[in-house]
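Asks: got a sequence here, can you model it:
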Amino acid sequence: MILEAERGVVCAYARRMVGDGLVVGTSGNVSVRAGDLVAVTPSGVPYSSLTPGDISVVDLGGAVVDGALKPTTELPMHLSVYWDVRDPDGEPVTAVVHTHAPHATAVSTLVREVPPIHYMVAAVGPSVRVARYATYGTPELAAAVLEALDGRRGCLMANHGTLTYGDGLEAAYHRAQQLEWACRVWLLAQSAGRPALLPPAEVANVVERLRGYGQG
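Replies: Down below sits the predicted model:
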């Protein structure tokens, strides 16, 4: 089976999205790039029954090279990230996570940028933009996401959800979780009053500090 390890990882993280409350049903999608091939979740298959063999493998032009199922309808968006996004630090872009996380989706209907309620928004960048709305699965949505990702590692998608990327699924998924958490905190805070927000300079400072965070 082509990209056997990558298919297993994609399947595992797709199922994890359901357990973590980032998607329901068959919504959202996950992909991993290995060279000129991409392992990506199929369209319309419940994640509870998903197996590694169900994961589609496509080339960078979108043609299916292995797998019996059609890839996600959001394939144009995933491929546009692999083709056109440049990581701010020059890291390779090898994984994409798209969720319908409820708190982030709610925030996407209220603002054009995620309010800097907590310094962990810096896991995505100096700000987190909301991509303009476009119908799912279209080139217009892919283009809107690319605009919002400029200099960032993730974004919200207006009235839709989130997209994050990384140099592996662990990094991309972590950013999706942090983004959902920050959006939840802001919604809770603003429902009770007028929350204090961090100044842009502090978020930029944390962006720099996160480059040396952890054991790596």
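
Asks: give me the pLDDT value at the closest residue to residue 69 other than its chain neighbours.
Replies: Leaving aside its sequence neighbours, residue 69 sits nearest to residue 42 (C-beta to C-beta, 6 or more residues apart in numbering; 3.8 Å). C-beta here means a position set from N, CA and C on the backbone, and glycine is covered the same way. Per-residue confidence (pLDDT) for residue 42: 97.

Asks: beta partners of residue 42?
Replies: For residue 42, the beta-bridge partners are residue 71 (DSSP bridges).

Asks: wouldn't it be in contact with residue 58 here?
Replies: No: Residue 42 is beyond contact range of residue 58, at 10.8 Å (criterion: C-beta atoms under 8 Å).

Asks: which one of these two has more residues nearby?
Replies: Applying other C-beta atoms under 10 Å to residue 42 and residue 58 shows that residue 58 carries more neighbours, namely 21 against 18.

Asks: how far away from the center of its chain is the helix or strand where residue 179 lies?
Replies: Element membership for residue 179 (DSSP states H and E) is helix 169-192. On the basis of C-alpha atoms, centre = their mean, to the nearest Å, helix 169-192 sits 12 Å off its chain's mean C-alpha point.

Asks: residue boundaries of the helices in this protein?
Replies: Along the chain, the stretches classed as helices by DSSP state H are 4-19, 75-84, 102-108, 139-149, 169-192, 200-210.

Asks: closest to residue 53 out of those?
Replies: helix 4-19 (7.3 Å; C-beta to C-beta).

Asks: quick one, the closest one and helix 169-192 angle?
Replies: Angle of helix 4-19 versus helix 169-192, following axes from the mean of the first three to the mean of the last three C-alpha atoms, to 10 degrees, is 20 degrees.

Asks: other residues contacting helix 4-19?
Replies: With contacts defined as C-beta atoms under 8 Å, 6 or more residues apart in numbering, helix 4-19 is touched by 1, 23-24, 28-32, 34, 39-41, 47-48, 50-55, 57, 97, 99, 169, 173.

Asks: please check the residues you listed and keep the buried ones.
Replies: Neighbour counting over those (16 or more other C-beta atoms under 10 Å) leaves 23, 28-32, 39-41, 47, 50, 52, 54-55, 57, 97, 99, 169, 173 as the buried ones.

Asks: in strands, which of the residues you listed appear?
Replies: Counting by DSSP state E, the buried ones among the contacts of helix 4-19 place 29-32, 39-40, 57, 97, 99 in strands.

Asks: among these, which two are most distant?
Replies: 57 and 99 (22.1 Å).

Asks: centroid-wise, who is the farthest residue in the protein?
Replies: Most distant from the centre of the chain: residue 193, at 29.6 Å, with distances by C-alpha atoms, centre = their mean.

Asks: next one: that residue from residue 182, what distance?
Replies: Distance of residue 193 to residue 182, computed by C-beta to C-beta, to the nearest Å: 18 Å.

Asks: residue 138 too?
Replies: Taking C-beta to C-beta as the criterion, residue 138 is separated from residue 182 by 28 Å.
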